[in-house]
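Trainee: 3D, please:
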Amino acid sequence: MIWETVIGLETHVELATKTKIFCACTTAFGGDPNTHCCPVCTGMPGTLPVLNGKVVEFAARAGLALGCEITRYCRFDRKNYFYPDLPKAYQVSQLYLPIARNGAVPIPGGRTIRIHELHMEEDAGKLVHDPWRDQTRADYNRCGVPLIEIVTEPDFRTGNEVIAYLEKLRSTLQYLGVSDCKMQEGSLRCDVNLSVRPAGSVGLGTRTEMKNLSSFKAISRAIVYEARRQIELIEEGGRVVQETRRWDENKDATYAMRSKENAQDYRYFPDPDIPPLELPQSYLERLRAEQPEMAWEKAERYQRDYALSAYDTEMITSQKALADFFEAAVALGTDPKQCANWIMGEVLRALSERGMEPGDMVLTPGTLSRLIALVQGGRLNRNTAVKVFDAVFDQNGDVDAYVKEHGLEQISDPGAVAAAVEKAFGANPKSILDYKAGKEKAFGFLVGQVMRELHGRADPKAVNEAVRAGLDRC
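Mentor: Numbering: from 1, shown residues only. The predicted structure is shown next:
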């Protein structure tokens, strides 16, 4: 039998506000346990929440950018459940009147993913497990950090479609400035609801929800594993149970955590401490007018204004911090194509080797611009410039000072190049004979010998020309 996988996503996004949703505590990542909390976000008796207006603004901006209908009259509800990281024993969320509904996100391949709803809520705390002491401790720093939860319809059929959607979503939210979407810090977290059914069927199978997915790679692997698990279970005569399952990165498998709850299990009711919100049409129109240039719009502009390829623009605009870096460097007079080549080559390589996000690097556009200028001005060759780049990347070092200190400036004296060629020829007469006999590899060997003699500081083009001219004279 041929099976079809059906997937829906619930994506939690931490908003980039400076303070929490209902109090003035900081939302900064990290900090010692239980130092970013107060009586309000830890649910002490007698405290009252005060809604952060920036949270509403960011949620509305996200809803508009995702093509949603904004609910002008919305309210908050209490989602009741007990868990050690939730000191109030309820979470403030939105069930009945979420701030945004009925959106759509186009993804590559011509498909469109429908957004069921987008709602605001507060984050819970975090449990820290210590296996050595056999203890679990609660850190409430995260309590009350503002979230939006974006719930899709079950429109995905493959893991590739899921990743394409999440990349588009991350890009949109970063360009809006409503979240940094750093998965390694928990700013973007995704729960995957997955079921299988015979191909061609209309009804949905029993779904499971997978949690603890901290990277796009983990999401892809979890989808493959869980779909295979459900298919094998059904084909063996078993039955899929509606439950929440946890992804184990080390075992490359999911395992059951608890039975999956439905909305009625949480006994939702309107929060009596938070008045309903009414968003004026003029407010929404202002937010719509202020929407910044998005990734796909930048990509079109780069192709039009800088004659960059579609591939180049897709890579550069994939993350806002990268596009901002590119634009700042070009504004300093750097050739756009050269700048794009360096970003897609050396910058992305350095980030990957260090496991860093573009927004975290200390290298400035000015430093890269200066390095490119030295190459284009003939003072550094490309290979030496890459070594200088690696040396200055982590500390945003002074390019000119490093080149001078290490004597790396390109040798442009024709006499010095000619002397190096003569020395290489004298030491390698057999290579000259091999070249004359038609062995082209001998030419590359001789060029390498000349470059080594000049400590890699010569212009490769000048060396090639000098070697070729010398061989023609032999």
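Trainee: any idea which element residue 403 lies in?
Mentor: helix 399-405 (DSSP states H and E).
Trainee: what residues does that helix touch?
Mentor: For helix 399-405, the surrounding residues in contact (C-beta atoms under 8 Å, 6 or more residues apart in numbering) are 367, 370-371, 374, 379-380, 388, 391-392, 408-409. The way it works is simple: take the backbone N, C-alpha and C, and place the C-beta from them, glycine included.
Trainee: mind redoing it with 10 Å?
Mentor: The contact list for helix 399-405 (C-beta atoms under 10 Å, 6 or more residues apart in numbering) reads 366-374, 379-380, 384-385, 387-389, 391-392, 398, 408-410.
Trainee: Give me the buried positions along it.
Mentor: Within helix 399-405, the residues scored as buried using 16 or more other C-beta atoms under 10 Å are 399, 403.
Trainee: out of the contacts of helix 399-405, which are buried?
Mentor: With burial judged by 16+ other C-beta under 10 Å, the buried subset of the contacts of helix 399-405 is 367-374, 379-380, 384-385, 388-389, 392, 408, 410.
Trainee: Out of those residues, list just those in helices.
Mentor: Counting by DSSP state H, those place 367-374, 384-385, 388-389, 392 in helices.
Trainee: Determine which two of those are furthest apart.
Mentor: 369 and 384 (17.3 Å; C-beta to C-beta).
Trainee: so what's the nearest residue to residue 182 once chain neighbours are set aside scoring on pLDDT?
Mentor: Of all residues not flanking residue 182 in the chain, residue 357 sits nearest, at 6.3 Å (C-beta to C-beta, 6 or more residues apart in numbering). In this model, residue 357 is scored at 88, pLDDT.
Trainee: And for residue 37, the neighbour number?
Mentor: Other residues near residue 37 come to 22 when the count uses other C-beta atoms under 10 Å.
Trainee: let's have the chain start at 359 instead
Mentor: With 359 as the first residue, the last one maps to residue 395.
Trainee: Look at it and tell me its secondary structure.
Mentor: Secondary structure assignment for residue 395 (DSSP: H, G, I helix; E, B strand; the rest coil): coil.
Trainee: I'd like to know how far it sits from residue 493.
Mentor: Distance, residue 395 to residue 493, by C-beta to C-beta, to the nearest Å: 20 Å.
Trainee: so what does the helix or strand that contains residue 437 touch, helix or strand wise?
Mentor: Residue 437 belongs to strand 435-438 when elements are defined using DSSP H and E. With contacts taken as 3 or more C-beta pairs under 10 Å, 6 or more residues apart in numbering; DSSP states H and E, strand 435-438 sits against strand 448-451, strand 469-480, strand 627-628.
Trainee: Can you dump the C-alpha atoms of stretch 471-487 in CSV for me?
Mentor: What follows is stretch 471-487 as a C-alpha-only set of coordinates in CSV (Å, rounded to 0.1, in the frame of the first residue of the first chain):
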residue,chain,number,x,y,z
ILE,A,471,0.4,26.7,3.3
ARG,A,472,-2.7,28.0,5.1
ILE,A,473,-2.4,29.6,8.5
HIS,A,474,-5.2,28.6,10.8
GLU,A,475,-4.5,31.2,13.4
LEU,A,476,-1.8,33.3,15.1
HIS,A,477,-2.3,34.1,18.8
MET,A,478,-0.4,35.7,21.6
GLU,A,479,0.6,33.9,24.8
GLU,A,480,3.1,33.8,27.6
ASP,A,481,6.0,31.3,27.8
ALA,A,482,6.4,28.9,30.7
GLY,A,483,9.5,28.4,32.8
LYS,A,484,12.1,25.8,32.3
LEU,A,485,12.9,22.6,34.2
VAL,A,486,16.6,21.8,34.5
HIS,A,487,17.4,18.1,35.0
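Trainee: By neighbour count, which bits of that stretch are buried? Give me those.
Mentor: Buried positions in stretch 471-487, judged by neighbour count with 16+ other C-beta under 10 Å: 471, 473-483.
Trainee: Now that stretch: average pLDDT?
Mentor: For stretch 471-487, mean pLDDT rounds to 95.
Trainee: Then stretch 527-543?
Mentor: On average, the pLDDT along stretch 527-543 is 93.
Trainee: Show me which positions of it end up buried.
Mentor: Neighbour-count burial for stretch 527-543 flags 527-534, 536-541 (criterion: 16+ other C-beta under 10 Å).
Trainee: same question, stretch 659-668
Mentor: Neighbour-count burial for stretch 659-668 [16+ other C-beta under 10 Å]: 660, 664, 666.
Trainee: Which helix or which strand is home to the last one?
Mentor: Meaning residue 666. Using DSSP H and E, no element contains residue 666; it sits outside every helix and strand.
Trainee: Against residue 519, how distant is the nearest residue to it once chain neighbours are set aside?
Mentor: For residue 666, ignoring the flanking residues on the chain, the nearest one in space by C-beta to C-beta, 6+ apart is residue 660 at 4.9 Å. Computed as C-beta to C-beta, the residue 660 to residue 519 distance reads 26 Å.
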